[in-house]
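>>> I would like the atomic coordinates for the input below:
(one chain, ligands or ions: 2)
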Amino acid sequence: MPPVTNITQTHPIAGHLDMVNKRLNDIARRLKINKLELLIMLTYPVIIILGQLIWLVAPAESSMNYFTSKKNIFNVYFVKQGWFWTTMVFGLFLFSVMRDSTVVRKQHGVISCVKKFALITTCWFFFSQWFLGMPIMDRIFVLTGGSCYNVSAEKLKNSEYFKLMDFTIEDLAEFTNQDNDYYYSSSISSRQCKSMRGRWYGGHDPSGHVFLLSLSTTFLMTQLFEFYNSITLRKKLRQFKIDTENHLKNREFVPFLKSLFLDYPIVLLLMLVGLWLWMLLNTTIYFHSLLENLAGLFFSYLASLLSFQI
Ligand SMILES: CCCCCCCC/C=C\CCCCCCCC(=O)SCCNC(=O)CCNC(=O)[C@H](O)C(C)(C)COP(=O)(O)O
Ligand SMILES: Nc1ncnc2c1ncn2[C@@H]1O[C@H](COP(=O)(O)O)[C@@H](OP(=O)(O)O)[C@H]1O
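Ligands and ions are numbered 1, 2, ... in the order given. Below is the predicted model of the structure:
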C-alpha cells in the first residue's frame, strides 16, 4: 500500500498559510499583543482599501445613495452619538458576563476590561471632544494650516478670536455674499465653527468617524473574545434563537426584550459592531481623503495598543 501523505502538509497553500501565520505571530509578539487583537486591527485597512476601490470604480451616480448623506438616520442618531451606544452595549454586556455562571476568570477579566474602557474613553474624549481646549483632531487640523472661514458678522460669537477676511478663497466663494463682511479664525474648534455656519477648510482633518468606529469595534470585539470562545459563543447564539422562537410564538414581547437586553446582549454587541463596520465602509467611500481616514485609524490604533497593555 502506498504511504498515506498528509494533504495539509504537502499542499502548497498550506505552506503559504503557515508562513502568514508565522509572520502574524511575529508582528503580534513585537507589538506585545495577541493574534486575535492583531487580526481585528487588520480588518480596518482592508475596509479602507475596499472603500477606496468602490469610490474609484463606482460611477458617481451609483455611489450617490442614502448613505452619502450626512443626515442619514444611522449617522445622526448612531455614529454621532457613537460613544453613548458603545457605552450602553458594553455596560449590558458586562452585566450579563457578571451574571453568567459559565464564564471563568470573571473577576480579573471584569476589572481589567473596565480599566481598558476608562482608558479608551479618555483617549476618545481627548482626541475628539476636548484637550485643554480644542480636541487633538482639531489641533492637528489647525497646525497643518486649517482655519474656520466664512463666518458672517451676524453669526459671529467670541469676536476676539476672529479676523476680518480681506481676501476670498476661491473654493469657498460660492458660500459668501459680496455685500457682507466675513471673518476667519484658527483658534476655535470644528464644533464651534459649525455652530457659526463657518467653513472648516485648509488643513489635514483626521477622520473622527474612522477613529470612533474602529476604536469602538476593536474594544467590543476583543472584550467579547475575552470572555467567550467561538464554541461558547455559537452555543449562546443557538440558545438565543430557540428562546426567541418560543417568545415570539407565544407573543411574549416583553420577556423577549428582557432576555435580549439582560441575557443575550452579545446579540446587541454583534449588531452594533456590524453597524459600525458598515458605517466605516461608507465613511471611507464618501467622506475625507485616504490620508485623513488613515490618520483617524492611526490614532485609534494608538489608543487600542495602549489599552492592550492593561
Ligand atoms: C479628563 C476627562 C476624562 C474623561 C474620561 C473619563 C473616564 C471615565 C471612566 C469610565 C467611565 C466611562 C463612562 C463613560 C460614559 C460615556 C457616556 C457617553 O458617551 S455620553 C456622550 C455621548 N456622546 C457621543 O457619543 C459623541 C460621539 N461623537 C463624536 O465623538 C463625534 O461626533 C465624532 C468623532 C463621531 C465625529 O466628529 P465630528 O466633528 O465630525 O462630529
Ligand atoms: N458614514 C457616514 N455617513 C454619513 N456621514 C458621514 C459618515 N462618515 C462621515 N460623515 C460625515 O462627514 C463629515 C466628516 O466626518 P469625520 O470628520 O467625523 O470623519 C462629518 O460631517 P459633519 O461634521 O457635517 O456632520 C460626518 O457627519
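
>>> contact partners for residue 233?
By C-beta atoms under 8 Å, 6 or more residues apart in numbering, the contact set of residue 233 is 224, 266. For every residue, glycine as well, the C-beta is placed using N, CA and C.

>>> which secondary structure element contains it?
helix 230-249 (DSSP states H and E).

>>> quick one: that helix to chain centroid distance?
Between the centre of helix 230-249 and the centre of its chain there are 28 Å (C-alpha atoms, centre = their mean, to the nearest Å).

>>> give me the mean pLDDT for that helix.
Helix 230-249 shows a mean pLDDT of 96.

>>> what comes up buried for it?
For helix 230-249, the buried set under the neighbour-count rule, 16 or more other C-beta atoms under 10 Å, comprises 236, 240, 243, 247.

>>> near ligand 1, which residues of the stretch 101-250 of the chain?
Within reach of ligand 1 by C-beta under 6 Å from any ligand atom, the stretch 101-250 of the chain has these residues: 118, 121, 122, 125, 128, 190, 208, 209, 212.

>>> confidence score at the third one?
So that's residue 122. For residue 122, the pLDDT comes out at 98.

>>> okay, now it: neighbour count?
By other C-beta atoms under 10 Å, 12 other residues sit near residue 122.

>>> buried residues in the strand or helix carrying it, which are they?
In the assignment (DSSP H and E), residue 122 maps to helix 106-128. Neighbour counts over helix 106-128 (16+ other C-beta under 10 Å) mark 109-110, 113, 116-117, 119-121, 123-124, 126-128 as buried.

>>> closest to residue 150 out of these?
Residue 150 lies nearest to residue 128 out of the buried residues of helix 106-128, by C-beta to C-beta, at 23.5 Å.

>>> could I get the helix or strand that the helix holding residue 122 is followed by in CSV with only the CA atoms?
Scanning forward in sequence from helix 106-128 by DSSP H and E, the next helix or strand is helix 136-143. Only the C-alpha atoms of helix 136-143 are listed here, as CSV (Å, rounded to 0.1, in the frame of the first residue of the first chain):
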residue,chain,number,x,y,z
ILE,A,136,-6.5,66.8,19.4
MET,A,137,-8.1,66.2,15.9
ASP,A,138,-8.9,69.9,15.6
ARG,A,139,-5.4,70.9,16.8
ILE,A,140,-3.9,68.8,14.0
PHE,A,141,-6.2,70.5,11.5
VAL,A,142,-5.2,74.0,12.7
LEU,A,143,-1.5,73.1,13.0
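
>>> which strands or helices does the helix or strand following helix 136-143 pack on?
Later in the chain than helix 136-143, the nearest helix or strand by DSSP H and E is strand 147-152. Helices and strands touching strand 147-152, as assessed by 3 or more C-beta pairs under 8 Å, 6 or more residues apart in numbering; DSSP states H and E, comprise strand 182-185, helix 190-195, strand 199-201.

>>> wait, is residue 179 part of a strand?
No. Residue state for residue 179 (DSSP: H, G, I helix; E, B strand; the rest coil) corresponds to coil; a strand is not indicated.

>>> quick one: contacts for residue 183?
Counting by C-beta under 8 Å, 6+ apart, residue 183 touches 151, 152, 153, 156, 159, 162, 163, 164, 165.

>>> for the stretch 1-150 of the chain, give me the ranges with low pLDDT.
For the stretch 1-150 of the chain, applying pLDDT under 70 flags the ranges 1-10, 59-63.

>>> distance of the residue of it found nearest ligand 2 relative to residue 291?
At 3.6 Å from ligand 2, residue 75 is the closest residue in the stretch 1-150 of the chain, using C-beta to the nearest ligand atom. For residue 75, the distance to residue 291 equals 22 Å [C-beta to C-beta, to the nearest Å].

>>> of the two, who's got more company?
Ranked by neighbour count (other C-beta under 10 Å), residue 75 and residue 291 place residue 75 first, with 18 against 12.
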